[in-house]
Structures are given as C-alpha cells and as structure tokens.
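Peer 1: sequence-free structure coming up:
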C-alpha cells in the first residue's frame, strides 16, 4: 500500500481517523454543559482508564465539541513536577480576556482579572513557577490571602460570574490529573464545590489513571458526590472494527475478516495499539484486501515499535528494584495480582516490598483495583517485561 495514503494515526494523543465507541460520553458532556449554561446543576467528570485507551484524544474532542457549542474552555496537562496554580493562571487569564470582549460581561471579567492578579502575587512565594501577565491591578482582599484553597475558590467564583453574565460557561479540561499534588487537587475540588453551591457555570472534565478516583476521594471526601467517574476501557468488537475498517474504505481498501479478527485480538481493543497494528499492516500489505498473513508480518514490526517507543520509555524510568517487582508481576501474567503472590515470586515479605509498590503506583506504573491487589496501568506490559528482562537476575538477588 502507498504509505502516503495510510489513514491511521498511531502517535501518542494523535486523533484517530474515526473516534469510534465514544459518542455516549460526548453526548453526556454536551448535556452537562448546556445545563450549566442554563444555571442548572451538572456534575463534573473525571474519566479514568489505563494507558492507551484514548483518554487524551477523547478529552480534546470533547473540548472541541464544547467550543463548537459556544462554551469557553481551557486545556491543561498536569506534568509531574509543576504546580496546578502555575498551569491554571495563564489559561484563566486567556479565558477572562475572552469574556471581557463580551459587552455584558466586561465589568465582571475585569474584576476576575483583578482577582487573578491578586491570586498570582499572593501565591508566587509558595509556588515559584507561577508566571502570568497582569491585565488589571489586584484588589485587596480579592483572592490574595495566600491560601490556595480559599483563593482558588474566590478566583473561580469571579470567573464563573463573568461567564454567567456572558451567557456561557467555562469548562476546564485537565489531562493526567493523577499527577496533581493532593493539597492542590483538594483546593481544586473545593473550588468546584463552591461554584456548584452558587450555581455558577464552572465545570471540570479531567482524565487520568485509575488511581485518580482514590486520590480525589482522599483529597476531599465529598468528591464522590461532586464528580462522575466514567471508566474508559478498550473498544468493543463492533467499535474497534469501525475504527479499523472505515478509514481504509475511505481509501478504497478492504480487510479480510480473518485480518480484522487478528488485529482486534492482538490489540485487545485498545485504541492506541489498534492504530499501531493498522498502520504497520497497511504499510506491509501489497494490495487490497489486507490479509491475515499481512497482519502476521506487521506484528513483528509493531512489537519492535511498541517496545522502543511506548514501553521502553516507561521502563527506563524505573529503579532496578521496581523492575524486579514488575518482572515478578509479569511472571504471574497480566493481572491483577495479590501482593502476597508477587512477594512469593521474589521470596520476600509483603511488608518489605510495600515501599517499592507504593513508588510504582505514585509513578503511574501500577494501580490497586482492590485491597491488596496490584495491576499494570499499561496494557500488554507483562508481555514486554518477559521479552525484555530475564527474571533470573531478580530471583537470584533474593
């Protein structure tokens, strides 16, 4: 096949040619933001799922949907070593400047900019990474107490009032939300709670790994009532088939049924992996229809590409002790696994391994589906660990 016309998009966060299987969530958000705009209650969303399920792509498509409805949005990705105030401040500034162009909201938007100036100046001592231009002078007592939870609530109140006056809403789209520090996550949840109490049109759509739900509940006990937590998982066979077949048909290319089954089985329905298999198979196939033999040949290239570009990036960050813990999990299969089972493979006590497990969860490599259970956050990582690392060095070290 001509690689120039290859329709698939396997890059991280790259929008696929067909976003299949996610329409119910998109409709859910559309209803939510329109309720907010009308002054009605609507829960914020925290979408949770493993790596490779397409959370980032879905988050951006939902943001575009909201913008098309006339909703003001901001888009953030929470890195591991940057504060939430530093991420929010410049984005809120842009949102307030946009709102200030609406005649009926000018006064409240300018007040919001004053609140932002006070917020940034008061918190810059604690969060030194805050960098934002000032478009108005701060007003004493307006979001300038130096207390993140109090000040962020006051700031979002002002933004919400301006958005309401402009006849719109503001929705914050935040990716990798599990990396936000607990104190800062608590402040964000508290601020959203206050806006909800005042019926202000401010909402959050977050995305993160499965541990996000527990982190939110730990940060604020009422988070479970403030948010819905839709789980983003692999595509069902029908949706995965559409994502695979329809882009090819746009280029007058077909797949044999056995080739479709082979790709769905190999990718396990995970959107990122499906795009990788489809893209490599397209490049290998000589003609239409694409066959199961083409998929078999492509699988060798896909495995090498995933090992080098997807799995190894994560593997390189892990300590030797962490790698042995993951290799022991891989020895047991895809999981989830009991902590005692993992400890038995390594011939160690569960308590001795607890700090390693906690560090891997904090780093986003593992999560706990239930008490004493451990699972990979990266699908197919058990296969990768068995290909990459012999367990002998771990077993012999114990």
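Peer 2: Received the coordinates, thanks. Remember, it's a predicted structure, so these values are computed and weren't measured experimentally.

Peer 1: Surely residue 136 and residue 110 touch.
Peer 2: Yes. In this structure, residue 136 is within contact of residue 110 by C-beta atoms under 8 Å, at 5.7 Å. The C-beta positions use only the backbone N, C-alpha and C, and glycine is treated the same way.

Peer 1: buried sites along the helix or strand of the chain with the lowest mean pLDDT?
Peer 2: Across the helices and strands of the chain, mean confidence by mean pLDDT, DSSP states H and E is lowest for helix 392-396: a mean of 77. Across helix 392-396, burial judged by 16 or more other C-beta atoms under 10 Å covers residue 394.

Peer 1: Equivalent analysis for stretch 284-301, please.
Peer 2: Buried, per 16+ other C-beta under 10 Å, within stretch 284-301: 284-285, 290-292, 294-295, 298-299, 301.

Peer 1: Same check on stretch 119-127?
Peer 2: 119-124, 127.

Peer 1: residue ranges for the strands of the stretch 1-150 of the chain, please.
Peer 2: For the stretch 1-150 of the chain, the strands defined by DSSP state E, counting those that start in this stretch cover 44-48, 72-77.

Peer 1: Show me what the helix or strand harbouring residue 358 is packed up against.
Peer 2: Assigned by DSSP states H and E, residue 358 falls within helix 350-362. With contacts taken as 3 or more C-beta pairs under 8 Å, 6 or more residues apart in numbering; DSSP states H and E, helix 350-362 sits against helix 320-332, helix 339-346, strand 366-367.

Peer 1: Just give me how far it sits from the chain centre.
Peer 2: Centre-to-centre, helix 350-362 and its host chain are 23 Å apart (C-alpha atoms, centre = their mean, to the nearest Å).

Peer 1: try stretch 269-288
Peer 2: For stretch 269-288, the distance to the chain centre is 24 Å (C-alpha atoms, centre = their mean).

Peer 1: Now do the nearest residue in space to residue 69 that is not next to it in sequence against residue 331, distance only.
Peer 2: Leaving out its chain neighbours, the residue that sits closest to residue 69 by C-beta to C-beta, 6 or more residues apart in numbering is residue 33, at 6.4 Å. According to C-beta to C-beta, to the nearest Å, residue 33 and residue 331 sit 47 Å apart.

Peer 1: and if you look at residue 389?
Peer 2: 10 Å.

Peer 1: one step back: which of the buried residues of stretch 119-127 fall in helices?
Peer 2: 119-123 (DSSP state H).

Peer 1: can you redo those residues as JSON lines with pLDDT and distance to residue 165?
Peer 2: Output for those, formatted as JSON lines (pLDDT from 0 to 100; distance: C-beta to C-beta, whole Å):
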{"residue": "119", "pLDDT": "94", "distance to residue 165": "20"}
{"residue": "120", "pLDDT": "92", "distance to residue 165": "23"}
{"residue": "121", "pLDDT": "91", "distance to residue 165": "25"}
{"residue": "122", "pLDDT": "91", "distance to residue 165": "25"}
{"residue": "123", "pLDDT": "91", "distance to residue 165": "26"}
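
Peer 1: Show me the helices in the stretch 51-200 of the chain, by range?
Peer 2: 55-68, 84-100, 106-123, 148-165, 182-197 (DSSP state H, counting those that start in this stretch).

Peer 1: so which of these gets nearest residue 305?
Peer 2: Relative to residue 305, the nearest member of those by C-beta to C-beta is helix 55-68, separated by 18.8 Å.

Peer 1: helices or strands up against that closest one?
Peer 2: helix 23-37, strand 44-48, strand 72-77, strand 170-175, strand 202-208.

Peer 1: Go through that helix and flag the buried ones.
Peer 2: For helix 55-68, by 16+ other C-beta under 10 Å, it's 55-63, 65-66.

Peer 1: quick one: average pLDDT of it?
Peer 2: Averaged over helix 55-68, pLDDT sits at 96.

Peer 1: Can you list the neighbours in contact with that helix?
Peer 2: Defining contact as C-beta atoms under 8 Å, 6 or more residues apart in numbering, one finds that helix 55-68 is touched by 12-16, 19, 22, 25-26, 29-30, 33, 47, 49, 73, 75, 171, 173, 175, 205, 207-208, 232, 271.

Peer 1: Generate a PyMOL selection restricted to the buried entries among those residues.
Peer 2: In PyMOL, this line selects whichever of the contacts of helix 55-68 come out buried by 16+ other C-beta under 10 Å:
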select buried, resi 16+19+22+25+29+30+33+47+49+73+75+171+173+175+205+207+208+232+271
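
Peer 1: State the number of residues packed around residue 258.
Peer 2: Residues within reach of residue 258, counting by other C-beta atoms under 10 Å, total 11.

Peer 1: ok, now which ones touch the residue nearest to residue 255 when sequence neighbours are not counted?
Peer 2: Leaving aside its sequence neighbours, residue 255 sits nearest to residue 290 (C-beta to C-beta, 6+ apart; 4.8 Å). Applying C-beta under 8 Å, 6+ apart to residue 290 gives the contacts 1, 248, 253-256, 259, 281-282.

Peer 1: and if we set it to 6 Å?
Peer 2: With contacts defined as C-beta atoms under 6 Å, 6 or more residues apart in numbering, residue 290 is in contact with 255, 259, 281.

Peer 1: Look up how far residue 244 lies from the last one.
Peer 2: Meaning residue 281. 9 Å.

Peer 1: and those two? which has more neighbours close in?
Peer 2: residue 281 (30 against 26).

Peer 1: My reading is that the more buried one lies in a strand. Confirm?
Peer 2: No. Assessed with DSSP: H, G, I helix; E, B strand; the rest coil, residue 281 is helix; it does not lie in a strand.

Peer 1: tell me the secondary structure for the closest residue to it other than its chain neighbours?
Peer 2: Among residues not flanking residue 281 along the chain, residue 298 sits closest, at 4.0 Å (C-beta to C-beta, 6+ apart). Put simply, residue 298 is helix when judged by three-state DSSP.

Peer 1: Name the SS class of residue 308, please.
Peer 2: helix.

Peer 1: Tell me the pLDDT of it.
Peer 2: pLDDT, read off for residue 308, is 91.
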